[in-house]
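Chemist: could you work out the structure for the sequence below:
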Amino acid sequence: MRARYYDPATGQFLTRDIAVSKTRQPYEYVVDNPLNGTDPAGLWCFGPTFGGISFFGVRGSSQEWSVGVCSNGDLYANSTAGSYQQNKKGDVIWGLFGGAGTAWQYSPNASCAAQLGGLFHQNYAGLGLGPAVTYSSATGGGVDVETASSPPIPGVGGGLGIGSWDTNTDVHSWNPVQAVKNVWNWLTG
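Modeler: Okay, here's the model as predicted:
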């Protein structure tokens, strides 16, 4: 369980979420129910992402859509958008690149889908002509999200470059396990 401590004798989780200082929710990883919740694999969210990035001269923008699953059972869909702001500290563009395609999104630190949303500072790198390989990493809210395309599912693009700017992610999630438990508790309660 890597990041969670569980007492098999009592069947309860013993630790609060390690991201509680950022989330202010100590048991969000088990949908605020540490007595009945599970976190079988520790911290992670993973799924495919689709979209495009471009950076040319002093212009840059990104738009991505992702779907996936988190270790607490959350199923999620999110949308991320951002653009380069000239003269904004931390925003960078070097080179020329434009690409679109599919990739994989992975967060080794998110304990639930809600932590994939919010403001992030995203870093991009792209290389290719025709088939292209891209990589981006985002930090914000105490969690890191990485998105990478690689064979066998590269995108299509052209150029060589790096970009860095702020993005905002809207996330929508549903936990089917928790939904069934809630219905059961309602029926029996």
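Chemist: remind me, longest helix of this protein?
Modeler: helix 176-188 (DSSP state H).
Chemist: so for that one, what gets flagged as buried?
Modeler: residue 178 (16 or more other CB atoms under 10 Å). (C-beta placed from N, C-alpha, C; glycine too.)
Chemist: helices of this protein, start to end?
Modeler: According to DSSP H, the helices that the chain contains are 20-23, 176-188.
Chemist: quick check: which ranges of this structure have low pLDDT?
Modeler: Applying pLDDT under 70 to the chain flags the ranges 1-43, 131-132, 141-143, 148-155.
Chemist: and for the nearest residue to residue 169 once chain neighbours are set aside, the neighbour number?
Modeler: Distance criterion CB to CB, 6 or more residues apart in numbering; nearest residue to residue 169, sequence neighbours excluded, is residue 80 at 4.3 Å. Here the number of neighbours of residue 80 (other CB atoms under 10 Å) works out to 25.
Chemist: and residue 80, how far from residue 125?
Modeler: 16 Å (CB to CB, to the nearest Å).
Chemist: ok, residue 137 next?
Modeler: 9 Å.
Chemist: Throw the helices of the chain into a markdown table and include distance to residue 44, thanks.
Modeler: Shown next, in a markdown table, are these (distance: least, CB to CB, whole Å):
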| stretch | distance to residue 44 |
| --- | --- |
| helix 20-23 | 16 |
| helix 176-188 | 16 |
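Chemist: any idea which of those helices gets closest to residue 97?
Modeler: Closest to residue 97 of those, according to CB to CB: helix 20-23, at 31.8 Å.
Chemist: please look at residue 170 and residue 117 and confirm they touch.
Modeler: Yes. If you go by CB atoms under 8 Å, residue 170 and residue 117 touch, sitting 6.2 Å apart.
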